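>>> Mind looking at a prediction? Sequence and model below.
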Amino acid sequence: MKLQVALDVAKLDQALTLSRLTADYVDILELGTPLIKSEGLDAITAIKAAHPDKLVFADMKTADAGELEADLAFSAGADLITVMGAADDDTVRGAVAAGEKHGKEVVADMITVVDNRVSRIREVSKMGVSFVEIHAGLDEQAKPGYTIDTLLDDGRQAGVPFSIAGGITGDSIASVQAAGATVAVAGGAIRSAKDPAAAAKALKALIR
Ligand SMILES: O=C([C@H](O)CO)[C@H](O)[C@H](O)COP(=O)(O)O
């Protein structure tokens, strides 16, 4: 299982600091959606230039104009981008077409898909995405009673390649791997740690 750090900060200098601290311990550097909205697509270029040996994941969360938005992000240097799994099928297919053109990968982010999630995961998986991200966003995580277990159950059931994002910590990363995830996405557990490098290193060490 790969480890992906989500650089969920608003400014490029903060993202570059966080990526510099954590790159040795992670496989994928994710530009979080707030960072892309704040700094623009040039931030993708800057992170890739700083870490040419790492996979750079642009969390575009594209909801429309899939081919155009994916093309822009891949042209800026992204290796992987997200399109919303809840978007129109043609939006997903458009992003996949851009991925094929660039020889890069598209991930369907299942955030906001709660009802019939397994069935939608299987549908989008047939549209050519590399894998799905089974994801509870920060607002969903803040709701009382939130647990990552429902994400893991859906991953086990879906029978397709998936990543998990939803507040992964040192306490849950082993269960994410046991559920069969190909990528574990960690944002707050690294970003909010007193020592982000140590937090990333500790998470990586828990992956067998
Ligand atoms: O994608 C994310 C979220 O929607 C904000 O853009 C986060 O990067 C993702 O949820 C991982 O962060 P944590 O949940 O804090 O681990």
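Received the coordinates, thanks. Numbering: from 1, shown residues only.
>>> CA only for contacts and neighbour counts going forward, please
Will do.
>>> The biggest helix by length in the chain - contacts with which helices or strands?
Secondary structure of the chain per DSSP state H: the longest helix is helix 89-102. In terms of contacts (3 or more Cα pairs under 8 Å, 6 or more residues apart in numbering; DSSP states H and E), helix 89-102 is packed against helix 66-76, strand 80-84, strand 105-109.
>>> Quick one: those as TSV, columns for mean neighbour count, mean pLDDT and distance to residue 154 too.
Below are the helices and strands packed on helix 89-102 laid out as TSV (neighbours: other Cα atoms under 10 Å; pLDDT from 0 to 100; distance: least, Cα to Cα, whole Å):
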stretch	mean neighbour count	mean pLDDT	distance to residue 154
helix 66-76	21	98	25
strand 80-84	28	99	17
strand 105-109	28	98	14
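>>> tilt between the strand ranked longest in the chain and strand 80-84?
As assigned by DSSP state E, the longest strand anywhere in the chain is strand 55-62. The directions of strand 55-62 and strand 80-84 differ by 20 degrees, with axes from the mean of the first three to the mean of the last three Cα atoms, to 10 degrees as the criterion.
>>> For strand 55-62, which strands pair with it and how are they oriented?
strand 28-31 (parallel), strand 80-84 (parallel) (DSSP bridges).
>>> closest to the ligand out of the ones you listed?
Set against the ligand and scored by Cα to the nearest ligand atom, those come closest in strand 28-31, at 7.5 Å.
>>> Give me the contact status of the closest one with the ligand.
No - judged by Cα under 6 Å from any ligand atom, strand 28-31 and the ligand are separated, with a smallest distance of 7.5 Å.
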